[in-house]
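K.L.:
Make a model of this:
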Amino acid sequence: MNQIKNLTMAAALNLALADSLAQDSSVLIFGEDVGALGGVFRITDGLTERFGEARCFDTPLAESGIMGSAVGMALNGMRPVVEMQFDAFAFPAFEQIVSHVAKIGNRTKGSVRLPIVIRIPYGGGIGGVEHHCDSSEAYYAHTPGLTVVSPATPQDAYSLLRAAIASPDPVVFMEPKKLYWAKGPVDTSVTAVLRQAQVVRDGSDLTLISYGQSLPVALSAAEAAESEGRSVQVIDVRTLTPFDDKTVMDAVRGTGRAIVIAEAPSFASVASEIQSRIFEQCFEYLEAPVRKVAGFDIPYPSPKLEHWHLPDVDRVLDAIDSLHWEDES
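P.N.:
Take a look at the predicted model:
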């Protein structure tokens, strides 16, 4: 059966990696502790035992070396899937990513492609310290030549990772750590299209736009607002760049109101870019200013304070109340 009930996101990612390894002999997985240990979050658990050390193996603690090795392998016909153990740990590899991974296709006019997937666990909500809870997606989204993806459900984790591994071009796959243990159905026959957002809840009064770990917040806020008489639509962006303008803008034109929700610091963020694009493309349809509910512009706080930093339902409901509603004027 293709349908698997109540799979965690971690298990869905593991299944996607296993199915890709089984289907394509050019796929290989490597990174820090991904072999015998199965990764810090056990995303690669059992893959070395099943496919052997030549297909899933550990590396030294050197992210720039991991990334440089992936470039060489991709240039020689392999499809490397590399894991950066935590979001902030990826920064030593950043020069490789922006200077080489993102640019080789353009530099060679498309004659050289790099089918690399860079898996990055990111975001907060796990009670970690700052080097383990960064929301670094804007760095990669700002870099032309990279596709940046963030799933929010086990189904999308499976389908989008399979699509990323099959892509001929580099994909930065941002995995929301907070959702690793969230459960949901997974159908392995369902395919996903990169660069495509999804309407996950219909509504006519307001559009909430989110991705990754903030999507459950958006859905919970939509349910709470419904009890107050608001019909709230929710969009899961899924692919941060290239951005799916059509799905998002069609939705906002239909409701006339929009709030963007993301936990990264607000300034110069992906949420800011989405907000800007809505103003540019939907201004004449808007009934109220586009709001943004995001993390604060501070270093990631200590575990005892992170619940104040992360967007929650109450902050979203406050933003909804701040919009101009004719029945309350």
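K.L.:
Could you say whether residue 148 sits in a helix, a strand or coil?
P.N.:
Secondary structure, DSSP: H, G, I helix; E, B strand; the rest coil: residue 148 is strand.
K.L.:
what bridges to it?
P.N.:
residue 172, residue 241 (DSSP bridges).
K.L.:
Contacts only, for it.
P.N.:
137, 140, 141, 171, 172, 174, 239, 240, 241 (C-beta atoms under 8 Å, 6 or more residues apart in numbering). The way it works is simple: take the backbone N, C-alpha and C, and place the C-beta from them, glycine included.
K.L.:
Where does pLDDT dip in the protein?
P.N.:
1, 326-329 (pLDDT under 70).
K.L.:
Show residues contacting the longest helix along the chain.
P.N.:
Identified as the longest helix of the chain according to DSSP state H is helix 9-23. With contacts defined as C-beta under 8 Å, 6+ apart, helix 9-23 is touched by 4, 7, 27-29, 41-47, 50-51, 55-56, 81, 151, 153-155, 157-159, 161-162, 165-166, 175-176, 179-182, 184, 186, 188.
K.L.:
Next: stretch 107-117.
P.N.:
Counting by C-beta under 8 Å, 6+ apart, 70-71, 74-75, 79-82, 101, 104-105, 161, 164-165, 167-171, 173 sit against stretch 107-117.
K.L.:
Ends of that stretch, what's the gap?
P.N.:
Distance across stretch 107-117, first residue to last, is 20 Å (C-alpha to C-alpha, to the nearest Å).
K.L.:
Check the offset of it from the chain's centre.
P.N.:
Its chain's average C-alpha position is 22 Å from that of stretch 107-117, according to C-alpha atoms, centre = their mean, to the nearest Å.
K.L.:
First-to-last residue distance for stretch 210-217?
P.N.:
9 Å.
K.L.:
With neighbour count and distance to residue 277 added, can I get the contacts of residue 148 in CSV?
P.N.:
Converted to CSV, the contacts of residue 148 look like this (neighbours: other C-beta atoms under 10 Å; distance: C-beta to C-beta, whole Å):
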residue, neighbour count, distance to residue 277
137, 26, 16
140, 26, 18
141, 22, 12
171, 27, 22
172, 29, 20
174, 25, 20
239, 26, 14
240, 26, 12
241, 22, 11
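K.L.:
Rebuild the residues you listed as JSON lines, extending it with distance to residue 65.
P.N.:
Below are the contacts of residue 148 laid out as JSON lines (distance: C-beta to C-beta, whole Å):
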{"residue": "137", "distance to residue 65": "23"}
{"residue": "140", "distance to residue 65": "19"}
{"residue": "141", "distance to residue 65": "25"}
{"residue": "171", "distance to residue 65": "20"}
{"residue": "172", "distance to residue 65": "18"}
{"residue": "174", "distance to residue 65": "22"}
{"residue": "239", "distance to residue 65": "28"}
{"residue": "240", "distance to residue 65": "27"}
{"residue": "241", "distance to residue 65": "26"}
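K.L.:
Name the strands paired with the longest strand anywhere in the chain and say parallel or antiparallel.
P.N.:
Longest strand in the chain by number of residues (criterion: DSSP state E): strand 258-265. Applying DSSP bridges, strand 258-265 is found paired with strand 206-210 (parallel), strand 291-295 (parallel).
K.L.:
As a check, name the ranges of all helices in the stretch 201-329 of the chain.
P.N.:
215-226, 245-255, 270-282, 306-309, 313-322 (DSSP state H, counting those that start in this stretch).
K.L.:
any residues touching the last one, and which ones?
P.N.:
This means helix 313-322. In contact with helix 313-322 (C-beta under 8 Å, 6+ apart) are residues 206, 208, 217-218, 220-221, 224-225, 230, 232, 259, 261, 291-293.
K.L.:
could you redo the last one with a cut-off of 6 Å?
P.N.:
220, 221, 224, 225, 259, 291, 293 (C-beta atoms under 6 Å, 6 or more residues apart in numbering).
K.L.:
List buried members of those residues by neighbour count.
P.N.:
Among the contacts of helix 313-322, those classed as buried by 16 or more other C-beta atoms under 10 Å are 221, 224, 225, 259, 291, 293.
K.L.:
Dump those residues to CSV, plus distance to residue 97.
P.N.:
Formatted as CSV, the buried ones among the contacts of helix 313-322 follow (distance: C-beta to C-beta, whole Å):
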residue, distance to residue 97
221, 34
224, 39
225, 39
259, 31
291, 32
293, 29
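K.L.:
care to break the protein down by domain?
P.N.:
For the chain, automatic domain parsing gives the domain ranges 3-187, 198-328.
K.L.:
Identify the spatial nearest neighbour of residue 190, chain neighbours not counted.
P.N.:
residue 159 (5.4 Å; C-beta to C-beta, 6 or more residues apart in numbering).
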